[in-house]
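Trainee: Need a 3D model of the sequence below.
(4 chains)
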Amino acid sequence: MSFPLLTATAAVPAIGAIATAAVPAAKRTVAKWLALLFSLATLVLAAVVAVRFTPGAKGPFQLTESHAWIRSFGVRYELGVDGIAVALIALTALLVPFVILAGWHDADPMEGPEPNRRWRPTQGFFALILAVEAMVVISFEATDVFLFYIFFEAMLIPMYFLIGGFGDRAGSGGEEHSASLRSQAAVKFLLYNLAGGLIMLAAVIGLYAATADQLGSGTFSLTEIVQARADGKLALGTGTERLLFLGFFFAFAVKAPLWPLHTWLPGAMGESTAPVAVLITAVVDKVGTFAMLRFCLQLFPEASSWATPVILVLALVSILYGALLAVGQRDIKRLIAYASISHFGFIIMGIFAMTSQGQGGATLYMVNHGISTAALMLVAGFLISRRGSRLIADYGGVQKAAPVLAGTFLVGGLATLSLPGLAPFVSEFLVLVGTFSRYPAVGIVATVGIVLAALYVLVLYQRTMTGPVKSEVRAMPDLKARELAVVAPLIALLLFLGVYPKPLTDLVNPAVDHTLSVVDQHDPRPDVPVKADAEAAK
Amino acid sequence: MNPVNYLYLAALLFTIGAAGVLIRRNAIVVFMCIELMLNACNLAFVAFSRMHGNLDGQIIAFFTMVVAAAEVVVGLAIIVSIFRTRHTASVDDASLMKL
Amino acid sequence: MSSVASVHSLWTMAAEAPARIPAPKIEYAQLAPALIVLGAAVVGVVLEGFVPRRSRYYAQLLLSVLALAAGFAAVVGLAAGGFGSTKAKIAAMGAIAVDGPALFLQGTILLVALVATFTFAERRLDPAAHGKRVDSFAAQAAAVPGGDAERAAVKAGFTTTEVFPLALFAVGGMLVFPAANDLLTLFVALEVFSLPLYILCALARRQRLLSQEAAVKYFLLGAFSSAFLLFGIALLYGYAGTVTYAGIAEVVSDGAKQITPALADTMGNDALLLIGAALVLMGLLFKVGAVPFHMWTPDVYQGAPTPVTGFMAAATKVAAFGALLRLLYVVLPGLRWDWRPVMWGVAIVTMLGGAVVAITQTDIKRLLAYSSIAHAGFILAGVIATSKDGISSVLFYLAAYSFVTLGAFAVVTLVRDAGGEATQLSKWAGLGRRSPLTAAVFAVFLLAFAGIPLTSGFAGKFAVFKAAAESGAGWLVVIGVISSAIAAFFYIRVIVLMFFNEPKADGPTVAVPSPLTMTAIGVGVAVTLVLGLAPQYFLDLAGQAGVFVR
Amino acid sequence: MENLIALLVAAPLAGAALLLCGGRRLDRAGHWIGTLFALASFALAVPLFTELLGRDAEQRTLHQHLFSWIPVGGFQADVAFQLDQLSMTFVLLITGVGSLIHIYSVGYMEHDERRRRFFGYLNLFLAAMLLLVLADNYLLLYVGWEGVGLASYLLIGFWQHKPSAATAAKKAFLVNRVGDMGLSIAIMLMFTTFGTFAFGPVLGAVGETSEGKLTAIGLMLLLAACGKSAQVPLQSWLGDAMEGPTPVSALIHAATMVTAGVYLITRSGAIFNGAPDAQTAVVVVGAVTLLFGAIVGCAKDDIKKALAGSTMSQIGYMILAAGLGPIGYAFAIMHLVTHGFFKAGLFLGAGSVMHGMNDEVDMRRYGGLRKYMPVTFITFGLGYLAIIGFPGLSGFFSKDKIIEAAFAKGGTEGWILGGAALLGAAITAFYMTRVMLMTFFGEERWRKAPTPSPAEPSVEPAAETRGEYTPPHPHESPKSMTIPMILLAVGSVAAGGLFSINEAFVKWLEPVTDFEHGHPPLSASAITTATIVVMVLGVALAYFQYGRKPVPAVAPRGSLLTRAARRDLLQDDFNHAVLVRGGGELTRALVQLDHSVVDGAVRGTAASMGGLSGRLRQVQNGFARSYAVQMLGGAAVLIAATLLMRGV
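Mentor: Residues are numbered from 1 along each chain as shown, chains lettered A, B, ... in the order given. Now for the predicted structure:
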């Protein structure tokens, strides 16, 4: 058999995690470089995957691997990628090195004597990041529901330690206080997602029971189930299918997060360090939306279309609600968190619009939102690390002291409000069009979101960066080389994907079309179709 | 007379024993009540054995007695050691662990 | 069965000589595991008598390890000999079944006991008394706590080496319990493994009052419940006229009244059967610690010496569930529609009750006790499945669970302060900072308890829930899932405590154990991860062992 | 030749990139680099123009397809350009005026240490604006549309240290976003209706769809136009936008960007022609705004705000004209171009005055400046004559035509619109004369120390209020500033006349905007005389009020209308009361809700679970006998249940 590329892509960061964790306490710097090295290696592998992947080739999944794993549960170790997965794997592999670089000093030991020599937060921090990367990657690759579920759940543990263990030192009211806030946020994160996951477990078991009942032997293989469905061998009863769908969707909606299951996100993002926050919102949460696209829709087509109206409304609420709350925030990171909630609303809306524009846009949105939030959040992190406060009110006139920082922050913000020319615009507009073409009213209401987005971004920028220079800000240093090395590529990427997203769309379109064909949905036709060649005639 | 009455008696004894366990404080007495319950069982066994005309029940009765004896050994040992520690055999005093 | 006439003759005139009782024939080879262990136990008692005090510890330890290893070897041999599957049979004149479940459970029990013995033998944790290494058992159980006798005993460096033979006796009983094929054997085996446990509970070196209290509670309640069990047996005997599982099952299934017509008017109904079955069930549920018969669990777990707690928590559950399975699957299948709903109820209250009450616990041992109750509920969900899958899933779960439990309690023995083990949860704050490794290991066990994927806990939970779901108990699964969510909360709480809270100034220290305990913990971790990552082999094992011989 | 089109956009874009990423090392040459790139794109525009002139009228459309931008299913967006007469006109205006203003800024921004960035932004604006007018589909137009928004945001807020500037910038962007909503919805409608949003196909297929759809699209486009072109009800941002440096006001908020709305409507003419209701809406907006802006312009003492008001009203004229359909499009564009010249000139003049008066903007602090800055005075004067429509100057031709067209709308509508347009002309004459007189004539009020005026709370106390007062030394501006002013003045004098020589301009645009002659109820000459008469009236009125009697240094309380007009006819107060405060309340309420209800529900369950647990714990009371009781109870339940199951 050929070289197991996908396994390797997930294994490298896993090995990296172990290696990093094993670095002795004194050699913190070694650990950092080791982690960076492994993340870059992963990036290379992801690139190879992207190259080896041929968009539009027949068969839903490529680079597939399949081995028996737990026969008694009908579980196979089954990997495979479609365009969507490739895009998201690339995103993950791309962001993690920046996250590591940005968090270079976040886990350095506190000043003063350490309580215990053997306590190695630095190693742990980077090892955990790599562990998360490994699990995220494999859950993007898994085409076996059970395999996916396992890593979907397991991913919570390292994430949990990252949130609870490494807040940024900007807590108001002393380290002790912020530590307690942190652990609360971490627990909330874990319990929310664990609850979601366990509900999903019930559904997973139910799925097994159903397949075992109808196909003779229970299976979790996505391809098999979809095939059996197509051949009419497998027909879940309406009630069953809906229950199972809800079980799956609940977990993904918590992860995504969809209103009203979102309340864990602001805490988690606010209390954790900026890089970890990026990891949460830009990487881990994407698994949720990705899973909606891959599992909810393909396993339970009827139930999906049955639930669509409600989900669209919830997504709409998320969009507006998240944006409005972002406006009302006093804490930079919480503001960005609520902005993300609004954006996830867009993604989910696009997915359930059931049009190629909507779903293609949603996929692009996942990627672009990852990059843009990373840019904004990381710069915010640099800002916070300088002033030691997350409160917007503590800033003002930064633009004068640190123009580059302010500039990059503005670009990140403009990306967040999806300004044309930057990547997020493409995806947001696609989502809007895709939704509009099937549900005009929803699309129109959603466009209000773009105004609100402008509002919270510009208010944030105005309050922090412009106006008279605050005395604490006056001596603020501008971005260092390391920080610039983090931000510049992200911004470049935002510009490139904003101007020339074609590579991405070419990657995604076939996968989206396949999904739609499985769900058996077709784009609505325009009432006056105009031939493209007519354009040339003009 | 009708052997069923023996069963009623057994049930009665068993109930008395159970009630005793619930009511009496002194560990020894409680323990005696348990023994009473066991004996009630024995009576039932014998009665049934008699009805079914096979000896299993009677054999079981012997086993029960042995077991009961063993229980006495262990039980008394524990109760006595506790008594020596606390100078009381009240079951209710042994309630350090709760909630 | 005798004719009506003979019955009447039996109680109208003096009984004539009854039919000759055939000389029993025993298949010693197939009973080897239990025989070896029990024999070793007897030898151990003898050793206590004759071996000089200083070398007793080593002799006993050696004996126990050898005995348990030999027993396990015997089990493997039997399994290899096909007694687990094709040649499964009933030995000792119908008293003991030698079949898949029995062998699987016996093997599990023996391994658990072996590992537990290591923790029994640990002597590095307690600060050496008068230059002599001591284990976690009382110097002299009979001596009054804090009295002169005890002080003298401690000074003399006595240790209660009786724990080893006692444990062996208990193991012997446990080996027989799940294999018992008639109610009498069941009862005897129950007592054989319970009585030593009562004593073991009383033998803690520190906090002896708690230890003795635990013992007396366990003993009284245990005896109480076994009385019920016995009465239940009596009723069943009365119903079926026999105590062999096969016999009762036969009577139950064809429902023919085996009661003499003369008595039909008073007893011509199934009340005997149902009440009897209920009482026997209660006896077993008491042992597995199912709500509402769980009350002893927290107190006993807390008071007993931690190694014993670990042993009890692991092995007793295995044995008791084994017996429960056999009873329900062999004796009462004909009664399925009667006991299943009842067990549903028990399972639900057990799952929820255990999980909910655990939330507010403040003592790590009590916490684990309640968690064990919750887990009993999960296992019951598998028991209820009444399918081959159900059996094998329960077997698998028991194996997975028992080793996690052992490991967890072994870790608990390490965390100590001046007053011995520091079981107060608040004292565990910041443990992760003090000794990351210990905390990490314990975290692994907690995650396994919580059923996080990639741990054995998840595989087990999935197995039982799968079985339950396939047998149409979907809602039971949902409730199980919900209670796991609740349970997750308190496991997480401990992790938060260990890793995210600042260490207290006067916090406990983590003692460095001898290889013995290290092995115990190591085995625990290994099993947890192996069964989590590659459970297939063991699932197959449990799967093949999923058939009871009738 | 086509391939040059992309370069038109690329040149200033490259300039912007260079200047913004170049860093401090470019500080010294930055302004010249910027100017160079602006000129470069003008230099590219000229040959293209000649190329177009070279072809015959029907062939004057060039296409350039760069690459496929967003291909997703039926949704095919390309990066492609279309250069026809309409866009050519704009290109020339943008690059021409733009270059002049670059040159002007070299002098104007001389003392600003962030001058490099300023030019970077200017270049960015040029690029975006050119993209806007050169795009061959609505989505790409949208990119330029928001791009100019961004540029204007950056430039309005260029002096970020002033909170007022930052706020104004934010406001401008937000209000524009509301308009952008309209544009994006319009595009979606086009996509669902025609399956595309490229100019050619959409405008070609208009006939095949229902009027309702067209009306919807048209109204959405109008909303967009209102946002960008500061038309009622989205006009509020333009006044505040004057916080930006004056060249910005001249280029973006007078000559080019604000006229984008007019471009959009003219470009989408076919759609509006198919949707009379939409057209009515357009003319109404135009008429209302031209009066609104004019009235506001009369009341402002801040010279730039006065001019801003006038801009508003002039664009009102254009929108009005564009709303009239084929009879108006050409004149809308024509007025747009002439307005581009004279309004830019006026702003540059204002800037030059401020430059000489150390950045004083209050006209009550001016007076008698003509002898200190003659060039400024003359150029400003010419611009003034042009805008009030003095016969022979450019404003006269363009505005007169619009008024005619308005009447030509016919029916009462026509009378109303024409009347409004005439009235507007009168008011224009009034407030422009007022500006002229207050600035260049009368006593030199700036010699006396100022007294803070209660009427204008917006003006923050000037520097000289503290300590003793040193009057400014008015002086003429440097060459770099005066030359552009002169050129623009020439334009504002000549443009109108040149365009009108046998309707050259109209013929030039006809292939794009298909022109037809309107037939007003009155004869053209009658209307022209009417226009001139009202203009004279306006001038006279202003003269009597501001020329004859001295202008009070402190603004009198004024009539209710005046006070309202000073506050932009209370439009802002409305916004503030309803949108700002209301919105604030809403968000606060939501934050509260999120914490107490949405999150509270979760915390509630957790807490109740804990409570339940605490209560259940009590059962475990430590007494063996109570345990026994419970076991007994349990046994009883068990038995009862088993019996019940059997129904025994």
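Trainee: Surely C:I233 touches C:A180?
Mentor: No - assessed by C-beta atoms under 8 Å, C:I233 is found out of contact with C:A180, at 11.3 Å. To be clear about C-beta, it is placed using only N, CA and C from the backbone, and glycine gets the same treatment.
Trainee: Next, show the common contact partners of these two.
Mentor: Taking C-beta atoms under 8 Å, 6 or more residues apart in numbering or on different chains as the contact rule, C:I233 and C:A180 both touch C:L186.
Trainee: what about the helices in the stretch 251-400 of chain A?
Mentor: Counting by DSSP state H, counting those that start in this stretch, the stretch 251-400 of chain A has helices at residues A:264-271, A:274-278, A:285-291, A:297-299, A:301-328, A:332-353, A:356-387, A:398-401.
Trainee: residue contacts, A:E428?
Mentor: A:346, A:361, A:365, A:418, A:450.
Trainee: before we move on, what about A:E176?
Mentor: So A:E176 contacts C:E502 (C-beta under 8 Å, 6+ apart).
Trainee: circling back: figure out which of the helices of the stretch 251-400 of chain A is closest to chain C.
Mentor: Ranking these by proximity to chain C (C-beta to the nearest C-beta) places helix A:264-271 first, at 11.0 Å.
Trainee: Can you check what angle separates the closest one from helix A:301-328?
Mentor: Orientation check (axes from the mean of the first three to the mean of the last three C-alpha atoms, to 10 degrees): helix A:264-271 against helix A:301-328 gives 40 degrees.
Trainee: May I see the buried residues of helix A:264-271?
Mentor: A:264-271 (16 or more other C-beta atoms under 10 Å in any protein chain shown).
Trainee: What about the contacts of A:E428, which one has the most neighbours?
Mentor: A:G361 (34 neighbours; other C-beta atoms under 10 Å in any protein chain shown).
Trainee: In this structure that residue contacts A:F429, no?
Mentor: Yes - counting by C-beta under 8 Å, A:G361 touches A:F429, with 7.4 Å between them.
Trainee: In chain D, where's the longest strand?
Mentor: strand D:62-72 (DSSP state E).
Trainee: Just list what whichever helix or strand comes after that strand packs against, helices and strands only.
Mentor: Proceeding C-terminally, strand D:62-72 gives way to strand D:75-83 as the next helix or strand, assigned by DSSP states H and E. Packing partners of strand D:75-83 (3 or more C-beta pairs under 8 Å, 6 or more residues apart in numbering or on different chains; DSSP states H and E): helix D:4-22, strand D:62-72, helix D:115-134, helix D:138-156.
Trainee: Could you count how many residues lie near residue 228?
Mentor: As the question left the chain open, I've gone with chain A. Neighbour tally, A:A228, other C-beta under 10 Å: 17.
Trainee: wrong chain, I was asking about chain D
Mentor: As a burial measure, D:K228 scores 29 neighbours (other C-beta under 10 Å).
Trainee: OK, contacts around the residue lying closest to D:L126 once chain neighbours are set aside?
Mentor: Excluding the flanking residues, the one nearest D:L126 by C-beta to C-beta, 6 or more residues apart in numbering or on different chains is D:P12, at 3.9 Å. Counting by C-beta under 8 Å, 6+ apart, D:P12 makes contact with D:37-38, D:41, D:123-124, D:126-127, D:130.
Trainee: just checking, next helix/strand downstream of whatever helix or strand C:I492 lives in?
Mentor: Here C:I492, judged by DSSP H and E, is contained in helix C:474-500. Note on helix C:474-500: by DSSP H and E, the next helix or strand toward the C-terminus is strand C:509-510.
Trainee: Give me the mean pLDDT for that next one.
Mentor: Averaged over strand C:509-510, pLDDT sits at 86.
Trainee: follow-up on the earlier one: lowest-confidence stretch among the helices of the stretch 251-400 of chain A?
Mentor: Among those, helix A:398-401 scores lowest, with a mean of 87.
Trainee: Just the angle for the next helix or strand after it relative to helix D:138-156, thanks.
Mentor: Per DSSP H and E, the first helix or strand lying C-terminal to helix A:398-401 is helix A:403-416. Between helix A:403-416 and helix D:138-156, the angle comes out at 150 degrees (the same axes, to 10 degrees).
Trainee: where are the low-confidence patches of the stretch 501-648 of chain D?
Mentor: Within the stretch 501-648 of chain D, the ranges that satisfy pLDDT under 70 run D:647-648.
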